[in-house]
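K.L.:
Quick one, fold the following:
(4 chains)
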There are 2 protein chains.
Amino acid sequence: MIQTSQTDESVHAPGRKRDASRDAALCQAALEVLAEVGYDRMTVDAVAARAGAGKATLYRRWADKAELVVDAIGRMKARPVLPDTGTLRGDLIALACHVHDADDTFRTDVQAGLVSGLVRDAKLRAVFAEQFVAPRKAVFRTLFDRAVGRGEIAPVPNFVLLSDIVPSMIFHQLILTGRPPDAAFVITVIDQIVLPLVGAPVPDPLRELS
Amino acid sequence: MIQTSQTDESVHAPGRKRDASRDAALCQAALEVLAEVGYDRMTVDAVAARAGAGKATLYRRWADKAELVVDAIGRMKARPVLPDTGTLRGDLIALACHVHDADDTFRTDVQAGLVSGLVRDAKLRAVFAEQFVAPRKAVFRTLFDRAVGRGEIAPVPNFVLLSDIVPSMIFHQLILTGRPPDAAFVITVIDQIVLPLVGAPVPDPLRELS
DNA sequence: TCGTTCCGATACGATTTAGTTTCGAAACGG
DNA sequence: CCGTTTCGAAACTAAATCGTATCGGAACGA
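P.N.:
Numbering: from 1, shown residues only, chains lettered A, B, ... in the order given. Purely as a prediction, here's the structure:
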């Protein structure tokens, strides 16, 4: 973070106050540009222009593009969604296929835009893990615990590994095809990989697909 | 591809011949730089310098960086490895943990370096799929077929999905941590996900890890 | 009112990179 | 030989982009 002179109370603070709404506007603009063109195609000028702000206003708050993005991601409101459909399968599908909501579509685009930057920026990986991976894993945990509580499945020993399957397959598909997979793909992964592994019932038994 | 005047036989061809060794040197240099700094940090100057060639020599062959990389990837010799350890588990581990060979380490680094470019370049995705995904999938197919032939497992209906699990988890781990996962992680994926799904024997039954 | 700071806008310098051109030397063919 | 093409090397142009500086105006506090 850059100059936080605003927060320094010891010295008298003359002059115009910083407009907090500019922080929010710049962060939002950063996320939008990030979602549209990806991390390394994203320029500081584009962010400032999108926010209707000058570059000086941006650089008064963040030292460079990396800090701006890290802060913008960190300020994103965490996903509140926690499905409760009554079955593990229904919950998993609801969680993974939340693309109905425009807000979640935006989150997905942001994640896709981050991919190119994640490989080399450790700070970006940290905030990505905190904002996207951890909440999702927590929801997974809740879903499985509830399924156990219902007696739907037995307790899962290797939960951490299991909770990574669906996101992994989605990411892999994203990288290979250039865009996020559709709901059918996700449901297939859930029905043919996740649910069989935990011994949960699958509605339509595996058909011959090979 | 650029000017292929060299291959045009109809016109008389005076002057010095193109040195085919420069093609190979430039492609090899491109792969090395790609493996070291990644697709979007890779510069044409660095490739030419590494190859001990002038940029004119490079641009005489390829129109731009994208074409160079696509061609360089396309010319990589496909992996010849096809493990045969006697068991499906042994084969899968041997295939996924082939990091003993320096040649395979290089292939891994090239793939990691490509990640940042794959998201937006369709041609890159195509050649990536052809050179890395397809051969790997073919080997997987052979491994499973042999296991079926040995009576080790029953025929697998959803083979395509299964063959993507290990690469997906590896890629996911790479993106989240910044480097390829170690062998222990890969073995865990094989033992706790892939083998249980196909009903193959796992040496050490799942311990409580949660 | 007056000095200070923030604001948006824009100009600016510095750096990086892509792709082109030029140069002298060397290889080829007639 | 002699014209043509390739070679490595390097200069060059053009564009993108970063981060800073400047400007007139507005918001604050004393």
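K.L.:
and A:T188, how far is that from B:P157?
P.N.:
12 Å (C-beta to C-beta, to the nearest Å). Where you see a C-beta, it was placed from the backbone N, CA and C, and this is true even at glycine.
K.L.:
same check, this time on A:V166
P.N.:
For A:V166, the distance to B:P157 (C-beta to C-beta) stands at 20 Å.
K.L.:
Return, as residue ranges, the portions of chain A with sub-threshold pLDDT.
P.N.:
Low-confidence segments of chain A (pLDDT under 70): A:1-12, A:80, A:99-100, A:204-210.
K.L.:
which residues in it form strands?
P.N.:
Applying DSSP state E to chain A gives no strands.
K.L.:
near DNA strand C, which residues of chain A show up?
P.N.:
A:5-6, A:14-19, A:22, A:25, A:48-49, A:51-57, A:60 (C-beta under 7 Å from any atom of the strand).
K.L.:
change it to 10 Å
P.N.:
Counting by C-beta under 10 Å from any atom of the strand, the residues of chain A close to DNA strand C are A:3-6, A:11-23, A:25-26, A:44-45, A:48-61.
K.L.:
Any of those residues buried? List them.
P.N.:
Buried members of those, scored by 16 or more other C-beta atoms under 10 Å in any protein chain shown, are A:22-23, A:25-26, A:44, A:48, A:50-51, A:53, A:57-58, A:61.
K.L.:
Spatially, which residue comes closest to A:W62, not counting chain neighbours?
P.N.:
Closest residue to A:W62 apart from its sequence neighbours, by C-beta to C-beta, 6 or more residues apart in numbering or on different chains: A:L68 at 4.2 Å.
K.L.:
A:A51 now?
P.N.:
Using C-beta to C-beta, 6+ apart, the nearest residue to A:A51 is A:A29, at 3.8 Å.
K.L.:
right, and that neighbour touches A:D45 too?
P.N.:
No. A:A29 lies out of contact with A:D45 (C-beta atoms under 8 Å); the separation is 11.2 Å.
K.L.:
ok so, going back, give me the subset of the buried ones among the residues of chain A next to DNA strand C lying in helices.
P.N.:
Those of those mapping onto helices are A:22-23, A:25-26, A:44, A:48, A:50-51, A:57-58, per DSSP state H.
K.L.:
Make CSV from the residues you listed and add distance to B:P181 to it.
P.N.:
Shown next, in CSV, are these (distance: C-beta to C-beta, whole Å):
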residue, distance to B:P181
A:R22, 42
A:D23, 38
A:A25, 40
A:L26, 36
A:V44, 34
A:A48, 39
A:R50, 37
A:A51, 39
A:T57, 42
A:L58, 37
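K.L.:
Looking at those residues, which one is closest to DNA strand C?
P.N.:
Nearest to DNA strand C among these: A:T57, at 3.2 Å, using C-beta to the nearest atom of the strand.
K.L.:
Once you drop chain neighbours, what's closest to that closest one?
P.N.:
A:R22 (5.6 Å).
K.L.:
can you count the residues close to A:A147?
P.N.:
21 (other C-beta atoms under 10 Å in any protein chain shown).
K.L.:
oh sorry, the question was meant for A:A63
P.N.:
11.
K.L.:
Just give the nearest non-adjacent residue to the most centrally placed residue in chain A, would you?
P.N.:
Centroid-nearest residue in chain A, with C-alpha atoms, centre = their mean: A:F132, separated by 3.6 Å. Among residues not flanking A:F132 along the chain, A:Q111 sits closest, at 5.9 Å (C-beta to C-beta, 6+ apart).
K.L.:
Can you name the residues of chain A that neighbour DNA strand D?
P.N.:
A:2, A:12-19, A:33, A:37, A:40-48, A:54-60, A:62-68.
K.L.:
from what I can see A:V133 touches B:I175, true?
P.N.:
No. In this structure, A:V133 is not within contact of B:I175 by C-beta under 8 Å, at 10.2 Å.
K.L.:
and these two? which has more neighbours close in?
P.N.:
Counted by other C-beta under 10 Å, A:V133 and B:I175 do not tie: B:I175 has more neighbours, with 20 against 17.
K.L.:
Next, the contact list for the residue nearest to that one when sequence neighbours are not counted, please.
P.N.:
Excluding the flanking residues, the one nearest B:I175 by C-beta to C-beta, 6+ apart is A:L118, at 5.3 Å. By C-beta atoms under 8 Å, 6 or more residues apart in numbering or on different chains, the contact set of A:L118 is A:124-125, A:128, B:175-176, B:178.
K.L.:
and if you look at A:Q173?
P.N.:
A:180-181, A:185 are the contacts of A:Q173 under C-beta under 8 Å, 6+ apart.
K.L.:
Including neighbour count, could the residues you listed go into JSON lines?
P.N.:
Below are these laid out as JSON lines (neighbours: other C-beta atoms under 10 Å in any protein chain shown):
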{"residue": "A:P180", "neighbour count": "17"}
{"residue": "A:P181", "neighbour count": "18"}
{"residue": "A:F185", "neighbour count": "17"}
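K.L.:
In TSV: the residues you listed, plus distance to A:L195.
P.N.:
Converted to TSV, the contacts of A:Q173 look like this (distance: C-beta to C-beta, whole Å):
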residue	distance to A:L195
A:P180	21
A:P181	18
A:F185	15
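K.L.:
Name the residues of stretch A:98-107 that are buried.
P.N.:
Using 16+ other C-beta under 10 Å as the test for burial, stretch A:98-107 gives A:98, A:107.
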